[in-house]
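**Q** Sharing a sequence plus its predicted fold:
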Amino acid sequence: MQGERKQKKAVSGVVVSRSGDKSIRIVLDYRIKHPVYGKFINRRTKLGVHDENNRAQIGDIVEVVQCRPMSKTKSWRLVNVVQKASDKG
């Protein structure tokens, strides 16, 4: 058991902003059930992601993994681009 690392958290999302050199913002959309009324509510989370090679463009679907804090807002790192924005339509 000793020496084994935890599996890092990985998620997929859509790039909504290129906020500077080596930085992107992705959005994660999900639904939760209201605790009292039972209605499903749409929620959204924006994550700051470190993109070392500036590979991602706005509209791309990307896979990211949690990492050490790169800056005040960036704690995620780009793993790969799953689908380019031009391939969607």
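**A** On my side now, so go ahead. Numbering: from 1, shown residues only.

**Q** What helices and strands are in contact with the helix or strand hosting residue 29?
**A** Assigning secondary structure by DSSP states H and E places residue 29 in strand 23-33. Judged by 3 or more Cβ pairs under 8 Å, 6 or more residues apart in numbering; DSSP states H and E, strand 23-33 is in contact with strand 10-20, strand 40-50, strand 61-66, strand 74-83. C-beta: built from backbone N, CA, C; applies to glycine.

**Q** what residues are up against the closest residue to residue 18 other than its chain neighbours?
**A** Nearest residue to residue 18 in three dimensions, chain neighbours excluded: residue 24, at 5.6 Å (Cβ to Cβ, 6 or more residues apart in numbering). By Cβ atoms under 8 Å, 6 or more residues apart in numbering, the contact list for residue 24 reads 15, 17, 18, 48, 49, 51, 56, 62, 78.

**Q** Go ahead and confirm the first one touches residue 23.
**A** I take that to be residue 15. No. Counting by Cβ atoms under 8 Å, residue 15 does not reach residue 23; the two are 10.8 Å apart.

**Q** higher neighbour count, those two?
**A** Ranked by neighbour count (other Cβ atoms under 10 Å), residue 15 and residue 23 place residue 15 first, with 21 against 17.

**Q** for the more buried one, which residues make a bridge with it?
**A** For residue 15, the beta-bridge partners are residue 26 (DSSP bridges).

**Q** Give me the distance between it and residue 50.
**A** Distance, residue 15 to residue 50, using Cβ to Cβ, to the nearest Å: 13 Å.

**Q** follow-up on the earlier one: name the member of the contacts of residue 24 with the most neighbours.
**A** Top of these by neighbour count (other Cβ under 10 Å): residue 49, with 26 neighbours.

**Q** need the contact list for that one.
**A** 23, 24, 25, 26, 56, 62, 64, 74, 76, 77, 78.

**Q** From residue 18, how far off is it?
**A** Distance, residue 49 to residue 18, using Cβ to Cβ: 10 Å.

**Q** Fine, thanks again, bye for now.
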